[in-house]
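[1] Okay, predicted coordinates and the sequence, questions at the end:
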Amino acid sequence: MSESVEATKTKILESAKKEFLKNGFTNASLRTIASNADLTTGAMYRHFKDKDALFCALVDDAIETSKRVISTGSVEFHENSKENVMGKKHFDEETKIMSDFLDYIYDHFDAFELLLTKAAGSTHENFVKEMTDLHTENCTALFAWLKKKFHVRKEIDKMSIHVISDMIITSYCEIILHRLEKKAAQKLITDMSDFFRFGFMHLLGLK
């Protein structure tokens with residue numbers, strides 16, 4: 001009995017992941033990927049149209065999950081929160097989301113390594129910049145909403161928001177780039193979350 005389509009795709013993706021991790025997107029060989037999956041290149045094309053499609057299949061879920069986590073900094077998320085957005089329970093809710101995301105990162109470590117170190121030349125070579133821009137956009141809108149809702153008098157200029165957003169995204173990138181043990185990563189994210197949360201509140205003049 002021949003392999004199922006899904007089983008074949010799984011073999012292709014496992015082979016592709018090894019090749020991308022070894023050689024990066026640009027230098028990865030489709031012939032090698034196909035050979036290691038016991039297929040001809042032509043047979044592989046029936047499942048994935050090109051090298052970029054293969055790379056995307058390996059990282060797209062990690063990207064969408066990252067976007068969902070970043071959306072916790074959006075106005076919509078805070079408007080829909082059942083808790084006081086300045087209260088401890090809301091902060092605890094955000095902390096739980098960050099903890100769950102950290103679990104996801106370690107369960108999909110290879111996907112994030114591909115995005116951060118092997119994506120040059122692919123559709124997702126600007127992953128970090130795109131996540132930083134999304135975080136900046138959400139924070140800028142959120143601070144405008146907080147100013148209106150809580151009559152905040154202080155403002156943070158957009159460049160400052162962008163630089164701080166870049167630092168937040170970089171905190172997560174460092175986990176992958178330095179291959180931190182999970183316990184060390186948990187400590188890092190807890191420290192960074194407290195630092196940026198209360199730093200933002202101070203800049204906005206909130207208690």
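    Good, I have the coordinates. Nothing here was measured: the structure is a model prediction, and the numbers come from that model. Residues are numbered from 1 along each chain as shown.
[2] pLDDT below threshold where in the protein?
    Under the criterion pLDDT under 70, the flagged ranges of the chain are 1-3, 81-87, 207.
[3] Could you check stretch 37-48 and say which residues are buried?
    Within stretch 37-48, the residues that count as buried by 16 or more other C-beta atoms under 10 Å are A37, L39, M44, H47, F48. C-beta here means a position set from N, CA and C on the backbone, and glycine is covered the same way.
[4] The third one is in contact with S29, isn't it?
    Which is M44. No - using C-beta atoms under 8 Å, M44 is not in contact with S29; the gap is 11.7 Å.
[5] Which residues does the particular helix or strand that has L142 in it contact?
    L142 is part of helix 127-150, with elements assigned from DSSP states H and E. Here helix 127-150 makes contact (C-beta atoms under 8 Å, 6 or more residues apart in numbering) with 59, 63, 66-67, 70-71, 73-75, 78-79, 85-86, 115-116, 119, 152-153, 155-156, 158, 161-162, 164-166, 168-170, 173, 200, 204, 206.
[6] mind putting the buried residues of stretch 37-48 in JSON lines, secondary structure included?
    Below are the buried residues of stretch 37-48 laid out as JSON lines (DSSP: H, G, I helix; E, B strand; the rest coil):
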{"residue": "A37", "secondary structure": "coil"}
{"residue": "L39", "secondary structure": "coil"}
{"residue": "M44", "secondary structure": "helix"}
{"residue": "H47", "secondary structure": "coil"}
{"residue": "F48", "secondary structure": "coil"}
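[7] will you turn those into TSV that also has distance to N23?
    Converted to TSV, the buried residues of stretch 37-48 look like this (distance: C-beta to C-beta, whole Å):
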residue	distance to N23
A37	16
L39	19
M44	17
H47	21
F48	17
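[8] Could I get the buried residue list for the helix holding L142?
    Within helix 127-150, judged by 16+ other C-beta under 10 Å, the buried ones are 127-128, 131-132, 134-140, 142-143, 145-146.
[9] who does the helix or strand just after that helix touch, helix- and strand-wise?
    Sequence-wise, the next helix or strand downstream of helix 127-150 (DSSP H and E) is helix 158-177. If you count contacts as 3 or more C-beta pairs under 8 Å, 6 or more residues apart in numbering; DSSP states H and E, helix 158-177 packs onto helix 88-107, helix 109-117, helix 127-150, helix 182-204.
[10] Specify the angle between the last one and helix 88-107 in degrees.
    I take that to be helix 182-204. If you take axes from the mean of the first three to the mean of the last three C-alpha atoms, to 10 degrees, helix 182-204 sits at 140 degrees to helix 88-107.
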